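Novice: Quick one: sequence plus predicted model below, questions after.
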Amino acid sequence: MKHTLTEQERQQLDRRIADAEKRTGAQIVLAVVERSDIYAELPWKAFALGTAGAGLAVTALDLMRPGWHSSTAVLLAVTATLIAGAACALACVSLPGFARLFLDAHRAEVETRQYAESMFLSREVFATRGRRGILLFVSLFERQVVMLPDTGLSKRLGREVSQGIITRMTSLLASGQVAMAFEAGLVGLEDVLGAAAPAAATENELPNAIVEEKGL
């Protein structure tokens, strides 16, 4: 798959993860995927919009030019309606920004969280001493951020605190600044967890390399 981050950005973030882990005592995993679900319904929604718009245009033309209903005119109207729908469906497949217009916000949130929870288990973020692992997950198509702290960190990273970090990340993610979004997340974790970090440096139990996946 095409990497979201440049090699320089990955190397810089790898170093920042190591620094943040020393300052917080947490084991941090950063992950980014292109999308958390295929959302098969989106092209159909776009097709429906295209055909509805073309149908409305045909109806308006009919009102302005009554009596134009020849067999050729009807065929052209039907063809134009289908072409408009197909064009919108194709645009939905090839243009993420256009497809995002048809994405239900709640569904995006649910699918992103499910993908993040699956990755938390598959990458064994839970397998750390003191259960101090944390997954910071970004899904690009949905423009969603999910933070999943293990039980050893969940009290310090409650809902309100986590949402504050996620909000800062999401604003950068919306403008395409993925590396800066991760940087903001790491800074937020340092601010919250740094004061309670263990005195001795913790062993690196999870890989620092950023996880990049295409997703579903």
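Specialist: Everything's here; your move. Numbering: from 1, shown residues only.
Novice: Could you list the alpha-carbon positions for the strand ranked longest in the chain in CSV?
Specialist: Secondary structure of the chain per DSSP state E: the longest strand is strand 27-35. What follows is strand 27-35 as a C-alpha-only set of coordinates in CSV (Å, rounded to 0.1, in the frame of the first residue of the first chain):
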residue,chain,number,x,y,z
GLN,A,27,3.9,1.7,26.0
ILE,A,28,2.5,3.6,23.0
VAL,A,29,1.4,2.3,19.6
LEU,A,30,0.6,4.7,16.8
ALA,A,31,-1.5,3.3,13.9
VAL,A,32,-3.1,4.8,10.8
VAL,A,33,-5.4,3.1,8.3
GLU,A,34,-6.9,4.4,5.0
ARG,A,35,-10.4,3.4,6.0
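Novice: Sheet partners, orientation included, of it?
Specialist: strand 133-139 (parallel), strand 211-215 (parallel) (DSSP bridges).
Novice: How far away from the center of its chain is the last one?
Specialist: Relative to the centre of its chain, strand 211-215 is centred 11 Å away, using CA atoms, centre = their mean, to the nearest Å.
Novice: doesn't Asp191 make contact with Gly164?
Specialist: No. Look at Gly164 against Asp191 with CB atoms under 8 Å: they stay out of range, at 9.6 Å. Yep, even glycine has a C-beta here, placed from its N, CA and C like the rest.
Novice: Quick one: end-to-end length of stretch 124-141, please.
Specialist: End-to-end distance for stretch 124-141, by CA to CA, to the nearest Å: 25 Å.
Novice: in it, what counts as buried?
Specialist: The neighbour-count check on stretch 124-141 (16 or more other CB atoms under 10 Å) flags 125, 128, 132-141 as buried.
Novice: Quick one: these as TSV, columns for pLDDT and distance to Thr59 too.
Specialist: Shown next, in TSV, are these (pLDDT from 0 to 100; distance: CB to CB, whole Å):
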residue	pLDDT	distance to Thr59
Val125	96	56
Thr128	92	63
Arg132	93	63
Gly133	95	58
Ile134	96	55
Leu135	97	51
Leu136	97	50
Phe137	98	46
Val138	97	44
Ser139	97	40
Leu140	96	39
Phe141	96	34
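Novice: measure the spatially most central residue of the chain to Ser36 for me?
Specialist: The geometric centre of the chain, computed from its C-alpha atoms, lies nearest to Ser139 (CA atoms, centre = their mean), at 2.2 Å. Using CB to CB, to the nearest Å, Ser139 is found at 5 Å from Ser36.
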